[in-house]
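1. Structure here, sequence nowhere to be found:
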């Protein structure tokens with residue numbers, strides 16, 4: 001998605017600063033485990049930075065979430081990992097956060113994502129894709 005539709009990736013899993021400001025605060029930094037409140041490490045999609053001055057000066061996005069947190073797909077999905085390496089108390093937190101971000105995309109962006117997912121899932125069957133319309137003519 002980064003190569004052909006990089007704008008979409010910058011709308012999903014955007015890390016936030018702890019202070020809630022759009023500038024000045026230190027953003028969460030994607031890692032395999034969410035750190036203590038005093039650090040900025042997060043394994044949650046769209047995670048919030050901590051109080052450490054060493055956090056990210058700009059947000060991270062879906063690309064970094066995938067590379068740093070999901071790695072090969074065996075970690076942090078659908079539930080993130082907290083300090084100590086144990087699963088988060090909030091079951092499916094990453095799956096819910098990604099889904100929430102996807103619902104905020106435009107209809108066209110959702111169609112692109114649905115197409116990419118359909119190509120990615122081999123042998124899978126797409127049962128329902130909302131907000132996609134098409135017309136077919138039968139002869």
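-> Perfect, thanks for sending it. Note that this is a predicted model, so its numbers are computed, not measured.
2. what's the top helix by length along the chain packed up against?
-> If you go by DSSP state H, the chain has its longest helix at helix 107-120. Here helix 107-120 touches helix 6-9, going by 3 or more CB pairs under 8 Å, 6 or more residues apart in numbering; DSSP states H and E. (Each C-beta comes from the backbone N, C-alpha and C, glycine too.)
3. who touches the helix or strand following the helix it packs on?
-> The helix or strand immediately downstream of helix 6-9 is strand 29-30, counting by DSSP states H and E. By CB atoms under 8 Å, 6 or more residues apart in numbering, the surrounding residues in contact with strand 29-30 are 15, 40-43, 47, 49, 55-56, 60, 64-65, 67-69.
4. hmm, try it at 10 Å
-> Residues outside strand 29-30 that contact it (CB atoms under 10 Å, 6 or more residues apart in numbering): 13, 15, 35, 39-45, 47, 49-50, 52, 54-56, 59-70, 76.
5. Please apply the same query to stretch 71-80.
-> Here stretch 71-80 makes contact (CB under 10 Å, 6+ apart) with 30-34, 42-45, 47, 65-66, 68-70, 81, 87-99.
6. picking up where we left off before, and the longest helix of the chain, how far out from the chain's middle?
-> Taking CA atoms, centre = their mean, to the nearest Å, one finds the center of helix 107-120 at 15 Å from the center of the full chain.
7. what about the nearest residue to residue 104 once chain neighbours are set aside, how many neighbours?
-> Of all residues not flanking residue 104 in the chain, residue 11 sits nearest, at 7.0 Å (CB to CB, 6 or more residues apart in numbering). Applying other CB atoms under 10 Å, we find 15 residues neighbouring residue 11.
8. cool, and residue 19?
-> Neighbours of residue 19 (other CB under 10 Å): 13.
9. contacting residues for it?
-> Contacts of residue 19 (CB under 10 Å, 6+ apart): 25-26, 48-49, 51.
10. please redo it, this time with the cut-off set to 8 Å
-> residue 25.
11. so how far is residue 97 from it?
-> Distance, residue 19 to residue 97, by CB to CB, to the nearest Å: 20 Å.
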